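**Student:** Quick one: sequence plus predicted model below, questions after.
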Amino acid sequence: MSGRFKIIIFKSDRTPRYSQVIKTVRSSLEKLGLNLDVEEVDVSKNPEAAVRSGVVSTPTIDIVGLNWRFIGLPTEDELMAILESVKEEERRGEEG
């Protein structure tokens, strides 16, 4: 499990298609062989977390360590392209 990168998914009680968001994230990680922590933050129960992170809409996906944010539902291809960067960064970290 990488300590440098993690995924935070911000959701609320009214987040449309949330199950699709989590399915896309988990499927992309599995296909790339990445074992990242995935944290789910319900902003309706924890609004302070949304304010601290500057989240204005849900779903929002943050990849911590890469400083990347996606608002809405990414396609699996879009997410996998970004996660390839994480995989490459992890590879570089193992070499160096």
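**Tutor:** Done, it's in.
**Student:** Could you list the low-pLDDT ranges of the protein?
**Tutor:** Applying pLDDT under 70 to the chain picks out residues 1-3, 96.
**Student:** So Asp77 versus Glu84, what's the distance?
**Tutor:** Distance of Asp77 to Glu84, computed by CB to CB, to the nearest Å: 11 Å. Where C-beta positions appear, they are placed from N, C-alpha and C, glycine not excepted.
**Student:** Looking at these two, which is more packed in?
**Tutor:** The neighbour comparison of Asp77 against Glu84 (other CB atoms under 10 Å) goes to Glu84, with 13 against 9.
**Student:** Verify the stated contact: that one with Lys31.
**Tutor:** No - using CB atoms under 8 Å, Glu84 is not in contact with Lys31, being 10.5 Å away.
**Student:** Tell me which residues are up against the longest helix seen in the chain.
**Tutor:** Selection of the longest helix in the chain by residue count, based on DSSP state H, yields helix 76-95. The contact list for helix 76-95, computed with CB atoms under 8 Å, 6 or more residues apart in numbering, reads 2, 4-5, 24-25, 27-29, 31-34, 36, 61, 63, 65-66, 68, 70, 74.
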